[in-house]
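[1] I'll drop the sequence and a predicted model, then ask my questions.
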Amino acid sequence: MFDRKGQMKIIESFFAIGVVFSALLIGTVQFSSSPNLAKQKSLASLGVQALIEIDANGTLGKLIVQEDWTAIKQSLDVALPIGVSFNLTIYDENSNQINSQLIQNSNLLGRETVSVQYFCASQSQNAQFFILRLQLSWTR
Amino acid sequence: MDKVREMRERNSGQVLLIAAFIMAFLLLSAELYIFEVGNVMSEFESNSLTDFVLNIKLSSRHIVIGALANASNGGSISVLELNLQRWASLIDKQYRFGKSILNYTLEQNSPYSSGIWMDWGTNGLGVSSAAVNFAYKLSGREMNLNQSYFLNITTTLLVESTYRGMLGNDKQINVTIRLLNEANAALAKQIIIYYYSEGNWLIPTQVNNYSILDYGNGTYLASFTASIPGQDVQVSAHVVDQREIYVRANATSTQI
């Protein structure tokens, strides 16, 4: 009788250990999948193309000089396809952030993001240089 | 008392299992949370070299346009060199794909001087131009790149004029203006027409029935009447294009 009780306890203990290890294993397999590289590259390309499109006639530099963050956000909304979330941070040539408000269409926290860097020169008579960091993510 | 102890001993395996399930649940929750928050931290940077070079070329173009706008509006022509120095220095600090070096040479061949040529003639042709040669060199572990590109930013103004004699010294004058950016038709941001009368350059106003017709293809027709003694009618067009580059040209009006 006592022997059986002992065996049951051992089986239960092994079962409990199995449950805990399964949780660890599921977490490792499920949550550490590597990002889809091709998908991320196409997203990065979309981001750079959008910035080039806005910058083609010097509009982007002009908007940054005017600190018109809303217009930059609206331009990106138009230039990027539906379903792409973005967050743009603008730095001066000394790497100081200059956009005083967020330039984003949704919060990227907890999303698989890709980041691209873009150099922008203003067409103003005394050229100003900016470094743009655009974070992109597919909307789930 | 013994019954309670007996019950505890009998159920200890179940308690262990429940505890294991709770632990598993907590572990999974923690892993999910770390995964979600960690995703933003694990973003990867993905610039292609092609995009990077395209980016450098486009920004170089903006710098040349800005410097030409500055010089043509009365600023110093040395601004082009100064801005390009700063630009090259910024690019040289980039090590994303390897060691970057951006060199530039201002066009010095006649009619250019320090990369700038401004010729605002009396024959109906006005030119504001800047020309720079660039050489971008990348030495990376995976690739080397040598890319040369030439930027020529030119705003050209063509002015033609005709006039018809009216009563006394009064004349009906037409001035046709054509604006070009890099030899392509371009729109003007501002056009001011002048005519020469008795030693002064005057701007025609509503008193002169001044009107300007925009054909929408870079061609404009300005018409006005003015009192100008003699047969020699001189007109001048001062134009600023959409890129803020200033250009002007004078022309002699032909009688029709």
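    That came through fine.

[2] any idea how far the residue nearest the centre of chain A is from chain B?
    The residue lying closest to the centre of chain A (Cα atoms, centre = their mean) is A:Thr113, at 2.7 Å. A:Thr113 is 4 Å from chain B, where distance means Cβ to the nearest Cβ, to the nearest Å. (Glycine included, C-beta is placed from N, CA and C.)

[3] show me the contacts for the residue nearest to A:Leu60 when sequence neighbours are not counted.
    Nearest non-adjacent residue to A:Leu60, counting by Cβ to Cβ, 6 or more residues apart in numbering or on different chains: A:Ile54, 4.6 Å away. Counting by Cβ atoms under 8 Å, 6 or more residues apart in numbering or on different chains, A:Ile54 makes contact with A:Leu60, A:Ile72, A:Ser75, A:Leu76, A:Ala79.

[4] output the below-cut-off pLDDT ranges for the chain.
    Just going to use chain A. Applying pLDDT under 70 to chain A flags the ranges A:1-3, A:5, A:27-39, A:110, A:140.

[5] meant chain B actually
    B:1-10, B:12, B:36-47.

[6] what are the boundaries of the strands in chain A?
    Per DSSP state E, chain A carries strands over the ranges A:84-92, A:103-104, A:114-121, A:129-138.

[7] got the ones you listed as CSV, with distance to B:Ile56 columns?
    Listed next are these as CSV, based on distance: least, Cβ to Cβ, whole Å:
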stretch, distance to B:Ile56
strand A:84-92, 17
strand A:103-104, 23
strand A:114-121, 7
strand A:129-138, 12
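
[8] for these, give me CSV that also has mean neighbour count.
    Shown next, in CSV, are the strands of chain A (neighbours: other Cβ atoms under 10 Å in any protein chain shown):
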stretch, mean neighbour count
strand A:84-92, 19
strand A:103-104, 18
strand A:114-121, 23
strand A:129-138, 21
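
[9] these: which one's closest to B:Leu80?
    Distance to B:Leu80, taken as Cβ to Cβ, is lowest for strand A:114-121 among those, at 12.7 Å.

[10] list the contacts of that closest one.
    A:40-41, A:43-44, A:47-48, A:51-52, A:55, A:60-61, A:64, A:127-137, B:43-47, B:51, B:55-56, B:59-60, B:62-63, B:66, B:87, B:90-91, B:96.

[11] using PDB, list the CA coordinates for it.
    Provided in PDB are the C-alpha atoms of strand A:114-121 (Å, rounded to 0.1, in the frame of the first residue of the first chain):
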ATOM      1  CA  VAL A 114      12.600  47.300 -39.000                       C
ATOM      2  CA  SER A 115      14.600  50.500 -38.900                       C
ATOM      3  CA  VAL A 116      16.000  52.500 -41.800                       C
ATOM      4  CA  GLN A 117      18.200  55.500 -41.700                       C
ATOM      5  CA  TYR A 118      17.900  58.400 -44.100                       C
ATOM      6  CA  PHE A 119      20.100  61.500 -44.600                       C
ATOM      7  CA  CYS A 120      18.200  64.700 -45.500                       C
ATOM      8  CA  ALA A 121      19.700  68.000 -46.700                       C
END
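
[12] neighbour-wise, which of the contacts of A:Ile54 leads?
    With neighbours defined as other Cβ atoms under 10 Å in any protein chain shown, the most crowded of the contacts of A:Ile54 is A:Leu60; it has 29 neighbours.

[13] what sits against that one?
    Counted by Cβ under 8 Å, 6+ apart, A:Leu60 has contacts A:Leu51, A:Ile54, A:Ile72, A:Ser75, A:Cys120.

[14] look up the closest residue to B:Ser76, ignoring the ones flanking it.
    Among residues not flanking B:Ser76 along the chain, B:Asn70 sits closest, at 7.5 Å (Cβ to Cβ, 6+ apart).

[15] check which helix or strand covers that neighbour.
    B:Asn70 belongs to helix B:49-72 when assigned by DSSP states H and E.

[16] how far off centre is that helix?
    Centroid displacement of helix B:49-72 relative to its chain, using Cα atoms, centre = their mean, to the nearest Å, is 7 Å.

[17] so which elements touch that helix?
    Judged by 3 or more Cβ pairs under 8 Å, 6 or more residues apart in numbering or on different chains; DSSP states H and E, the packing partners of helix B:49-72 are helix A:37-55, strand A:114-121, helix B:78-92, strand B:116-120, strand B:125-139, strand B:144-165, strand B:246-255.

[18] nearest to B:Val79, of the contacts of A:Ile54?
    For the contacts of A:Ile54, the nearest to B:Val79 is A:Leu60 (20.9 Å; Cβ to Cβ).

[19] tell me the contacts of A:Asn87?
    A:Leu102, A:Ile103, A:Gln104, A:Leu108, A:Leu134, A:Gln135.

[20] show the contacting residues for the second one.
    Counting by Cβ under 8 Å, 6+ apart, A:Ile103 makes contact with A:Trp69, A:Ile72, A:Lys73, A:Leu76, A:Phe86, A:Asn87, A:Leu88, A:Thr89, A:Ile90.

[21] the fourth one too?
    A:Leu108 makes contact with A:Ser85, A:Phe86, A:Asn87, A:Gln135, A:Ser137, B:Val40, according to Cβ under 8 Å, 6+ apart.
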